[in-house]
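> Sequence plus predicted model, see below.
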Amino acid sequence: MKLLAKTRNIGISAHIDSGKTTLTERILFYTDKIHKIEEVKGGGAGAKMDFMELEREKGITITSAATTVSWSGSTGNGITFSEGDQKDVRINIIDTPGHVDFTVEVERSLRVLDGAVLVLCGVAGVQSQSITVDRQMKRYHVPRLAFVNKLDRMGANAYRAAASLKDKLGHNSVLMQIPIGAEEDFSGLIDLISMQAIYFEGDNGENVKYAAIPAKMKDAATEYRDVMMDVVSEFDDEMTELLLDGQDVPEEIIHRAIRAGVRSLKLTPVYIGSAFKNKGIQPLLDAVSRYLPSPLTAISPKAIDNKTGTTIELVPDNSKPLVCMAFKITDEQFGQLTYTRIYQGTLNKGDNLYNTRTGKRIRVGRLVRMHANDRENIESAGCGDIIAMIGIDCASGDTFVGDENLSHISCEGMFVPIPVIELSVKAKDKDALAKMSKGLARFLKEDPTFHVYTDEESGETRIAGMGELHLEIYIERLRREYKVDVDVGQPQVNYRETITKEAKFDYLHKKQTGGSGQFAHVIGRMRPLTDENKEKPDQVFRFHNKIKGGAIPNEFIGSCQKGFEDIMGKGPQAAFPLIDVEVFLEDGRYHDVDSSDMAFRIASRMALRHAIKDAGPKILEPIMKVEVETPDEYQGFVIGDLSSRRGMIQGTESNEDGGTVIITALVPLSSMFGYSTDLRSGTAGKATFTMEFNKYAPCTSELEEKVKKDRAQKVADGFRD
């Protein structure tokens, strides 16, 4: 239990290019995990956590990487912790991508973490992907600290960045430090709890020096400390009483209040610094150790009893039966590498485990602790550990248990966004086809947001993903890792179909061909599935059994539901998936001899096909949220160009210090192909943009007709009149 109390499982997440990997590199250096700092960009060996060749070339994180470090507190701080002896706190860190195309890496990381650091750019503050990451953290109830980075840059403003957490994300955020100097004069920070100035000396800021607050900053420090104390006191009654009585509050009580606020998800302490300039990292590590929960104090993980549907609370106890979850897999030369979070019990090398999804028993041959792409062999791991198993065949999200009696449970899954863009890929010969198939099968297994399928009508192999960059990376990996060149088709938009009004169905399926016939009669209605009626946010179909009096026997109800679901995969308008449909089965008839599962499945299928025609069918197109950051002089061009792409401008935000403007718009994905090239051309390469899926919206009538025409040859004969 002592080791558990000294363990922190954290993720570092942010908008692209906010400095996550640079921050992680400094953490590795200050915890003696590496002995030389490498930069993300700059032509050197590259940051330790960006170990893929493509990551180092492009200067972005593509896949999440894990490592484990040990932290004993800032030198000279006299730091103390509350969860027992907290010297040598073990911190398991996952560095996640910032680009929205690789958002599943963030999803699966946050699913298994107990806390997180949300990194903000000191110039831009909260950006579009910051909002997405914050939404993911809330989805998995992950407590977080915020770190305002890049305060050495022109236009950086720690106060404005911290305020954006309140304004844009609704956080109860409060500065725990204020900067000494600004932009190129940023030289240190003031800790508002101890009321000391902190400077970072030495070649790499490794020497933390505590000093008196500069005289000219005492008033500002007192003002911001009062604000901080007022916000933090909401989480501790004793602290509130001391403040009301005008007494000094001991530092340990302040720490206790902050810890309570963070772990309740109702407080976001804000720390500041510049990872690139080696400032502010050690106090952030102190805060991670002090305030983010250990596996003992984190929100208890849950598992689902697949027999009863009830929820089971897992206990972080090494003596309990083992329960662990595979949250990320990669195929390597010597077998599959399965990243695993242990929630309960102990995992030993040589143990026999049960995969609760497949029911298969497996033997653990090798356990390793990961350090980016390096690994350290270990004999065992306990609760709270994030380790990897080698040579285990499983899928991402599988649950493993050590006791066969628990093989009916599974850990709660993660949210997987749907792909919005697809490409056709074609190998140049049979040898290339075999290599391509092997590569695609690997990527499909590793990435839940990457889809591969064969188009039934054209015979083309198609890949689908979260964006152009997402698919571009996989095409490049095929070329580099599998030595196969592929011909790539034009990007295709993943449209959807839906209905706009309620419609009834009454369909009798009756067939007699000698011997047993087929008889099934289904009656009911369908209507649009609204957000209020969804059982979970990503639900696209909901079925209601309203049969009374045995009009349709219970054994055929499941077949009816399957028949309705068959139509969801291929809508009648243009053979795109049907979404947001709610079906009520209200009445029907059956025959003692001629009714069967297949008869009711066929009847349900045909009933829905006919009803959809009266339900106002529409084709939907994916709408993307686009955020462009551009110099002021190109604002007119950017807005005009987005408008010409059928974009709806949502707002503009000027950054007067930086001379830039951020433009937010909702734009159909079909209009965004090639946008990066056009944006670079129109802004002399000075503008940048991010794009993420926002929603599906009805197509214009002209576009709908074009989509139908383009897909006409693909519409299955069964959907035609």
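Perfect, I can see it now.
> which residues sit in contact with the closest residue in space to residue 179 that isn't next to it in sequence?
Of all residues not flanking residue 179 in the chain, residue 158 sits nearest, at 5.1 Å (C-beta to C-beta, 6 or more residues apart in numbering). In this view, the C-beta of every residue, glycine as well, is placed from N, C-alpha and C. Counting by C-beta atoms under 8 Å, 6 or more residues apart in numbering, residue 158 touches 122, 148, 151, 175, 178, 179, 270, 272.
> Just confirm residue 535 is within a strand.
No - secondary structure assignment (DSSP: H, G, I helix; E, B strand; the rest coil) places residue 535 in coil, not in a strand.
> ok, the nearest residue to it once chain neighbours are set aside to residue 561 distance?
Here the nearest residue to residue 535 in space, its sequence neighbours aside, is residue 542; by C-beta to C-beta, 6+ apart that works out to 6.9 Å. Distance, residue 542 to residue 561, using C-beta to C-beta, to the nearest Å: 10 Å.
> These two - which one has more neighbours?
Between residue 542 and residue 561, counted using other C-beta atoms under 10 Å, the more crowded position is residue 561 (19 against 15).
> Low-confidence stretches in the chain?
Scanning the chain for pLDDT under 70 picks out 1-2, 39-63, 74-87, 98-101, 333-334, 455-459, 513-515, 655-658, 713-721.
> Need the phi and psi values for the most centrally placed residue in the chain.
Among the residues of the chain, the one closest to the centroid is residue 107, at 2.6 Å (C-alpha atoms, centre = their mean). Note on residue 107: its backbone torsions stand at phi -60, psi -50 [degrees, to the nearest 10].
> which of the residues in stretch 259-279 are buried?
With burial defined by 16 or more other C-beta atoms under 10 Å, the residues of stretch 259-279 counted as buried are 259-263, 265, 267-279.
> Please apply the same query to stretch 490-497.
Along stretch 490-497, these residues count as buried under the neighbour rule (16+ other C-beta under 10 Å): 491, 492, 493, 494, 495, 496, 497.
> where does the third one fall, phi/psi-wise?
Spelled out, it's residue 493. phi -90, psi 140.
> re the thing from before, looking at the buried residues of stretch 490-497, which is nearest residue 646?
residue 493 (12.9 Å; C-beta to C-beta).
> Now for the nearest residue to the closest one once chain neighbours are set aside: which residues touch it?
In space, and not counting its chain neighbours, residue 493 is closest to residue 670: 4.7 Å by C-beta to C-beta, 6+ apart. Residue 670 makes contact with 493, 621, 703 under the criterion C-beta under 8 Å, 6+ apart.
> What helix or strand is the second one located in?
Taking DSSP states H and E as the criterion, the element that holds residue 621 is strand 618-631.
> can you pull the alpha-carbon coordinates of whatever helix or strand comes next after that strand into CSV?
In the C-terminal direction, the helix or strand that comes right after strand 618-631 (DSSP H and E) is helix 635-644. In CSV, the C-alpha atoms belonging to helix 635-644 read as follows (Å, rounded to 0.1, in the frame of the first residue of the first chain):
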residue,chain,number,x,y,z
GLN,A,635,-7.6,38.0,-41.9
GLY,A,636,-9.7,39.1,-44.8
PHE,A,637,-8.3,36.4,-47.1
VAL,A,638,-8.9,33.6,-44.6
ILE,A,639,-12.5,34.6,-43.8
GLY,A,640,-13.3,35.0,-47.5
ASP,A,641,-11.7,31.7,-48.4
LEU,A,642,-13.6,29.8,-45.6
SER,A,643,-16.9,31.5,-46.7
SER,A,644,-16.3,30.3,-50.3
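> element containing the nearest residue to residue 449 once chain neighbours are set aside, please.
Computed as C-beta to C-beta, 6+ apart, the closest residue to residue 449 that is not its neighbour in sequence is residue 104, at 4.4 Å. Counting by DSSP H and E, the secondary-structure element that holds residue 104 is helix 103-112.
> for that helix, packing partners?
Other elements packing on helix 103-112 under the criterion 3 or more C-beta pairs under 8 Å, 6 or more residues apart in numbering; DSSP states H and E are strand 7-14, helix 128-139, strand 323-332.
> Deepest-packed of these, please.
Sort the helices and strands packed on helix 103-112 by mean neighbour count, taking mean count of other C-beta atoms under 10 Å, and strand 7-14 sits at the top with a mean of 26.
> Just the CA trace of the helix or strand that it is followed by, in PDB.
Tracing the chain C-terminally past strand 7-14 and defining elements by DSSP H and E, one meets helix 20-30 next. Below are the C-alpha coordinates for helix 20-30, written out as PDB (Å, rounded to 0.1, in the frame of the first residue of the first chain):
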ATOM      1  CA  LYS A  20       4.000  18.600 -24.400                       C
ATOM      2  CA  THR A  21       6.900  16.600 -25.600                       C
ATOM      3  CA  THR A  22       9.400  19.300 -24.800                       C
ATOM      4  CA  LEU A  23       7.900  19.400 -21.300                       C
ATOM      5  CA  THR A  24       8.200  15.600 -21.000                       C
ATOM      6  CA  GLU A  25      11.800  15.800 -22.200                       C
ATOM      7  CA  ARG A  26      12.600  18.200 -19.300                       C
ATOM      8  CA  ILE A  27      10.800  15.900 -16.800                       C
ATOM      9  CA  LEU A  28      13.000  13.000 -17.900                       C
ATOM     10  CA  PHE A  29      16.100  15.100 -17.500                       C
ATOM     11  CA  TYR A  30      15.300  16.500 -14.000                       C
END
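> Can you mark which positions in helix 20-30 are buried?
Neighbour counts over helix 20-30 (16+ other C-beta under 10 Å) mark 20, 21, 22, 23, 24, 25, 26, 27, 28, 29, 30 as buried.
> so where do the helices sit in the stretch 301-450 of the chain?
Counting by DSSP state H, counting those that start in this stretch, residue ranges of the helices within the stretch 301-450 of the chain are 430-446.
> quick one: the strands in it?
Shown for the stretch 301-450 of the chain, the strands assigned by DSSP state E, counting those that start in this stretch span residues 302-305, 311-313, 323-332, 335-344, 347-348, 352-355, 361-363, 366-371, 374-378, 380-381, 386-390, 399-401, 409-411, 421-427.
> Distance to residue 575 added to the ones you listed, as a markdown table?
What follows is those, written out as a markdown table (distance: least, C-beta to C-beta, whole Å):
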| stretch | distance to residue 575 |
| --- | --- |
| strand 302-305 | 34 |
| strand 311-313 | 39 |
| strand 323-332 | 32 |
| strand 335-344 | 35 |
| strand 347-348 | 46 |
| strand 352-355 | 35 |
| strand 361-363 | 40 |
| strand 366-371 | 43 |
| strand 374-378 | 46 |
| strand 380-381 | 48 |
| strand 386-390 | 41 |
| strand 399-401 | 35 |
| strand 409-411 | 33 |
| strand 421-427 | 14 |
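> Can you say which of those strands is packed in most?
strand 399-401 (a mean of 25).
> what's the nearest residue to residue 547 if we skip its chain neighbours?
Ranked by C-beta to C-beta, 6+ apart and with sequence neighbours excluded, the top spatial neighbour of residue 547 is residue 585, at 6.1 Å.
> Distance check, the one you found against residue 527.
The gap separating residue 585 from residue 527 is 13 Å, by C-beta to C-beta.
> what about the two, which has more around it?
Each of residue 585 and residue 527 had its neighbours counted (other C-beta under 10 Å), and the higher figure belongs to residue 585 (24 against 19).
> host element of that one?
Counting by DSSP H and E, the secondary-structure element that holds residue 585 is strand 581-589.
> Beyond that strand, next helix or strand please.
Moving toward the C-terminus from strand 581-589, the next helix or strand (DSSP H and E) is helix 597-612.
> For that next one, which residues meet the burial criterion?
599-609, 611-612.
> same question, stretch 160-168
Buried residues in stretch 160-168, counting neighbours by 16+ other C-beta under 10 Å, are found at 160, 161, 162, 163, 164, 165, 168.
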